[in-house]
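Colleague: With the sequence up front, the predicted model follows.
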Amino acid sequence: MGEAGGSADAAHEEDATGLDSSGPPALLVWTLAAFHAAFLVALVVAAVYLAGLANDGLAALQTWIGVLAYLYLWGVTWWTNRRMLDAVGSGLLTGSTGTTDVFVEAMKWGGVAGFLAFLPALAVGIALFVGAGGVEALPFVVVGAAIGSALSVGVGVLVGGVFALVDLLLLRAARAWLPAGPGPGRTEPVDAGPSEP
């Protein structure tokens, strides 16, 4: 076992890429959370529209409910993205983290995000069913909660995998677009030209 002081110092050291290893870059966490949350909302709105429910469904949704739902989804997305990035480390930015590791962590935390996103609907459903049916409705509530939770985790795992693929492709494109040279994610030395004798 190492010394406690040594491990605390190592937690704040910068790795070879110049990124602080104590946690993921805040801008990356915020960017992924904003992108994922906005994409999910756009996907749901598009699905509602294509199903022909846009007029009734969106008209019944009050603005404050929509804002609270979006903020909750964004918070869940931010928290789970941060946990995923903590797990894979700064290698996600440099491309040094294995693709399998990124997919495993993204799918795991995607499952958590799916369940957390389902949690408010589950709480409202339980309150409505128990309020309407009393104790007799409890077995149906338990079965429905178990099925809904399993489905939400499964959908979250799939969505997490899809987002991992999209994120990896976008980060790879960003690394290819950035100019070569030293800096975060760039460890190649800069050619200073021929040295004088």
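Modeller: Cool, the structure landed. Residues are numbered from 1 along each chain as shown.

Colleague: just how off-centre is the lengthiest helix in the chain within its chain?
Modeller: The helix spanning the most residues in the chain, taking DSSP state H as the definition, is helix 138-177. Taking CA atoms, centre = their mean, to the nearest Å, the mean C-alpha location of helix 138-177 is offset from the chain mean by 9 Å.

Colleague: buried set for that helix?
Modeller: Residues of helix 138-177 classed as buried under the neighbour-count rule (16 or more other CB atoms under 10 Å) are 141, 145, 148, 152-153, 155-157, 159-161, 163-164, 167-168, 171. No exception for glycine: its C-beta is placed from N, CA and C like everyone else's.

Colleague: The protein: helices as residue ranges?
Modeller: Counting by DSSP H, the segments of the chain that form helices are 4-11, 26-50, 54-60, 63-88, 91-94, 99-133, 138-177.

Colleague: for the residue positioned nearest the centre of the chain, what are its contacts?
Modeller: With distances taken as CA atoms, centre = their mean, the residue of the chain nearest its centroid is N81 (3.3 Å). By CB atoms under 8 Å, 6 or more residues apart in numbering, the residues touching N81 are 29, 32-33, 36, 109.

Colleague: The helices of the chain: lowest mean pLDDT?
Modeller: Comparing mean pLDDT across those, the weakest is helix 4-11, with a mean of 43.

Colleague: Could I get the pLDDT score of G52?
Modeller: Looking at G52, its pLDDT stands at 75.

Colleague: and it, how many residues sit next to it?
Modeller: By the measure other CB atoms under 10 Å, the count of residues near G52 is 9.
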